[in-house]
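J.: Provided below for reference: sequence and predicted model.
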Amino acid sequence: MINTAPLGRPGAGLNNLSGVRYYQIERSDGTFSSTPRVQLSINTVDPVDEFASNPGGLTVASTTDNPPTSSTVWQAGGNPAAAFTPFPAAIMSADIASLSSSSPVFVTAASTVPNDNPLPVELVSFAITAVDEGVKLKWETASEVNNAGFIVSRSRFRDSGFEELASYRTHDALVGKGTSATGGKYEWLDKSKLLPGETYYYKLEDVDFNGVIHTTEIKEFVMPKEYSLSQNYPNPFNSSTVVEFNLRLPGRTVLEVYNVLGQRVMTVVDGELSAGSYRYQVNMTGMASGVYLYRLRSRDFVATKKMMLIK
């Protein structure tokens, strides 16, 4: 059992997916004489479980994406059946043909009724970028329904270990629009000292007026490495060599080659580059043997190193 809302969207015949959890199923051994059937039970009024108003619309959805992502399309199971037993408990079941394979299969509660388990927001974008002050998260919604606000969490792992960084309860910038047909734009700055070159996961959750928490998206972010300019290789070289460098922040970046007289003989790159690691092939065919200097400039960072061309 994975206690977070499944990533992805409902496929044909489905309107909504669980906003609370999903399950991973693996076949240990043996075969099935017929199509396997999965049964799930839920509490339909408890804020920590699922909301549903029509048992006839409940079913089980599945995917073989391992793990499910924001682009996953969940498929409706076959021959669905559901009932309140008694209200507010509900049991739903469906045939899941993909369980006949040996690969992991993920299943979750789903509904064919538009009003069951509505997500509070329709997310348009979610972007994460490194800035001078830390890491900036920006997202935009197309519409919101009974949206109390957002919670931002971070972890070193995609599926566990998330630590809450900020909440609509304590940060006004994360308070939702309630019900809005036009949605809104939000941003939040993580000022934590993250390790350069390491991978982090940010989780964006929204909370409806009933207190139910829905995972909107989990996004991977690699903290850019510190500014650096590596020694070219091979060195010495004959005609061609490689220069690598890292940029901590985006900005106009210039990599140039000079002779020992200080004259520029080549511009390798001159333009706007994003934060990250870069590798450029420098071809000096037609230039005289000797010592050359290559210089990198980006924002306030400047570094120069020597290289030797031998023919």
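T.: Structure received.

J.: which strands and helices sit next to the lengthiest strand in the chain?
T.: Looking across the chain with DSSP state E, the single longest strand is strand 134-155. For strand 134-155, the elements it packs on are strand 121-131, strand 163-167, strand 175-180, strand 185-190, strand 199-208, strand 213-222, judged by 3 or more C-beta pairs under 8 Å, 6 or more residues apart in numbering; DSSP states H and E. Using the backbone N, CA and C atoms, a C-beta is placed for each residue, glycine as well.

J.: what angle separates the shortest one from strand 199-208?
T.: Relative orientation of strand 163-167 with respect to strand 199-208: 50 degrees, computed using axes from the mean of the first three to the mean of the last three C-alpha atoms, to 10 degrees.

J.: likewise the third one?
T.: Interaxial angle, strand 175-180 versus strand 199-208 (the same axes, to 10 degrees): 50 degrees.

J.: circling back: pipe the helices and strands packed on strand 134-155 into a markdown table and attach mean neighbour count and mean pLDDT per row.
T.: Output for the helices and strands packed on strand 134-155, formatted as a markdown table (neighbours: other C-beta atoms under 10 Å; pLDDT from 0 to 100):
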| stretch | mean neighbour count | mean pLDDT |
| --- | --- | --- |
| strand 121-131 | 16 | 87 |
| strand 163-167 | 15 | 96 |
| strand 175-180 | 16 | 90 |
| strand 185-190 | 16 | 95 |
| strand 199-208 | 21 | 93 |
| strand 213-222 | 18 | 88 |
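
J.: looking at these, which is closest to Ser18?
T.: The minimum distance between Ser18 and these falls on strand 213-222, with 9.4 Å, by C-beta to C-beta.

J.: Following the closest one in sequence, what is the next regular element?
T.: As assigned by DSSP states H and E, the chain's next helix or strand after strand 213-222 is strand 228-229.

J.: helices or strands up against the helix or strand just after that following strand?
T.: Per DSSP H and E, the first helix or strand lying C-terminal to strand 228-229 is strand 240-247. Strand 240-247 makes packing contacts with strand 228-229, strand 251-259, strand 276-283, strand 290-298 when contacts are defined by 3+ C-beta pairs under 8 Å, 6+ apart.
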